[in-house]
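J.: Whatever this is, show me its structure:
(one chain, ligands or ions: 2)
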Amino acid sequence: MKIAFIGGGNMATALIAGLAGQLTGAGSLHVVDPNAEALERLAGQYGVSTAASIDVQVAGADVVVLAVKPQQMREVATVLKPQLGGQPLVLSIAAGIRIADLARWLGGYTRIVRAMPNTPALIAMGITGLVASAEVDPIQREAADQVMRAVGQTVWLDDESLIDPVTAVSGSGPAYVFYFLEAMQQAATEMGLDAEQGRKLSLATFTGAAQLAAQSGDPVDVLRQRVTSKGGTTHAAITSMEAAGVKEAIIEAMKAASARGRELGEELGKD
Ligand SMILES: NC(=O)C1=CN([C@@H]2O[C@H](COP(=O)(O)OP(=O)(O)OC[C@H]3O[C@@H](n4cnc5c(N)ncnc54)[C@H](OP(=O)(O)O)[C@@H]3O)[C@@H](O)[C@H]2O)C=CC1
Ligand SMILES: O=C(O)[C@@H]1CCC=N1
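T.: Ligands and ions are numbered 1, 2, ... in the order given. Down below sits the predicted model:
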């Protein structure tokens with residue numbers, strides 16, 4: 001499979017890192033980005049071919065991954081439009097941008113899959129929500145799934161509007177986890193542990209608890225109750241979190257992320 005990336009930033013780098021080791025034979029990765037330094041780094045680390053603007057290699061690709069910021073998508077689509085003669089799959093990972101708007105900017109081109117990956121793709125532990133336009137055939141749908149499966153798990157959606165909730169849960173999700181870890185590490189040092197001890201203890205706790213939740217047949221509230229001895233330390237912590245409204249704040253934050261995705265689509269998809 002020949003895959004061309006338009007945009008070689010944070011998310012594209014995570015996908016390229018995961019994909020680089022998986023392509024065999026005639027498979028190739030090509031990256032277009034105006035930033036020469038970013039291209040040099042990607043070529044050096046992952047052996048990809050590069051270009052500063054959309055070129056003949058993009059025109060010959062089987063899959064064109066659009067990995068620019070949502071605000072840059074319209075301009076990129078306009079430049080890409082004349083290069084779609086080979087009928088590639090256009091795989092957009094931009095938050096908010098709706099298939100219908102992208103199809104319009106591409107001059108009515110509809111072989112589009114919209115995907116929402118996340119940065120753990122960098123270590124092949126990503127998860128991606130996907131939705132295909134009605135015109136995408138099963139072969140290209142499988143191609144999209146294959147690209148994303150190379151960097152983790154995939155979840156297909158029937159309804160495009162659900163990609164905003166997916167963005168709020170798993171697209172932005174790694175940032176919430178890092179934020180929680182930041183708080184745990186800060187608390188650890190404030191209570192007298194050194195930074196390395198705090199980092200090791202909090203990271204292992206997060207990974208261990210997540211693995212336990214994934215492997216256990218029990219729901220997470222039951223697992224939480226098993227840690228919470230009556231009148232003990234965990235009870236003190238959870239009582240403090242409940243009083244501060246932590247759960248409600250997380251739920252509100254995620255709804256804000258989803259609403260921002262929808263708003264981006266409305267704002268940027270006008271006319
Ligand atoms: N980061 C994440 O965790 C996730 C991001 N996404 C989506 O991925 C997309 C990219 O996000 P992210 O990687 O974080 O953003 P970045 O800003 O890191 O990457 C975008 C890259 O595209 C480059 N670029 C700008 N204009 C063009 C152009 N005309 N042609 C080619 N490249 C161009 C940018 O260069 P310059 O900086 O010079 O403008 C930059 O290097 C977004 O749409 C986002 O919604 C989806 C899931 C998760
Ligand atoms: O913050 C953002 O808009 C992008 C989409 C999901 C993660 N990062």
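J.: Pretty sure residue 84 sits against residue 108.
T.: No: counting by C-beta atoms under 8 Å, residue 108 is not a contact partner of residue 84; they are 10.3 Å apart. C-beta: built from backbone N, CA, C; applies to glycine.
J.: Compare these two (neighbour count), which wins?
T.: Higher neighbour count among residue 84 and residue 108: residue 84, with 18 against 8, using other C-beta atoms under 10 Å.
J.: quick one: contacts for the more buried one?
T.: 59, 90, 106, 109 (C-beta atoms under 8 Å, 6 or more residues apart in numbering).
J.: ok, those residues vs ligand 1, which is closest?
T.: residue 90 (13.6 Å; C-beta to the nearest ligand atom).
J.: Now do the buried residues in the host helix or strand of residue 57.
T.: Using DSSP states H and E, residue 57 sits within helix 56-59. By 16 or more other C-beta atoms under 10 Å, the buried positions in helix 56-59 come out as 57, 58, 59.
J.: Tell me how many other residues crowd the one residue in the chain that gets nearest to ligand 1.
T.: Of all residues in the chain, residue 9 sits closest to ligand 1, at 1.8 Å by C-beta to the nearest ligand atom. The local packing of residue 9 (other C-beta under 10 Å) involves 14 other residues.
J.: My understanding was that residue 11 contacts residue 67; is that so?
T.: Yes: in this structure, residue 11 is within contact of residue 67 by C-beta under 8 Å, at 5.6 Å.
J.: Wait, a helix at residue 136?
T.: No: under DSSP: H, G, I helix; E, B strand; the rest coil, residue 136 falls outside any helix and is assigned coil.
J.: Quick one: residues contacting the residue of the chain closest to ligand 1.
T.: Contacts for residue 9 (C-beta under 8 Å, 6+ apart) come out as 33, 38, 67, 68, 69.
J.: Show me which pair in these is furthest apart.
T.: Taking C-beta to C-beta as the measure, the contacts of residue 9 span a maximum distance of 13.8 Å, between 38 and 69.
J.: residues from the stretch 151-271 of the chain in reach of ligand 2?
T.: 167, 171, 172 (C-beta under 6 Å from any ligand atom).
J.: May I have the longest helix anywhere in the chain as CSV, with CA atoms only?
T.: If you go by DSSP state H, the chain has its longest helix at helix 246-268. Presented in CSV, the C-alpha positions along helix 246-268 are these (Å, rounded to 0.1, in the frame of the first residue of the first chain):
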residue,chain,number,x,y,z
VAL,A,246,-14.3,15.6,40.2
LYS,A,247,-16.5,13.1,38.3
GLU,A,248,-19.0,15.8,37.2
ALA,A,249,-16.1,18.0,36.1
ILE,A,250,-14.6,15.2,33.9
ILE,A,251,-18.0,14.5,32.4
GLU,A,252,-18.5,18.2,31.6
ALA,A,253,-15.0,18.5,30.2
MET,A,254,-15.6,15.6,27.8
LYS,A,255,-18.9,17.1,26.7
ALA,A,256,-17.1,20.3,26.0
ALA,A,257,-14.6,18.5,23.8
SER,A,258,-17.4,16.8,21.8
ALA,A,259,-19.2,20.2,21.5
ARG,A,260,-16.0,21.8,20.3
GLY,A,261,-15.7,19.1,17.6
ARG,A,262,-19.2,19.8,16.4
GLU,A,263,-18.6,23.5,16.5
LEU,A,264,-15.4,23.3,14.5
GLY,A,265,-17.3,21.3,11.8
GLU,A,266,-20.0,24.0,11.7
GLU,A,267,-17.6,26.9,11.8
LEU,A,268,-15.2,25.6,9.2
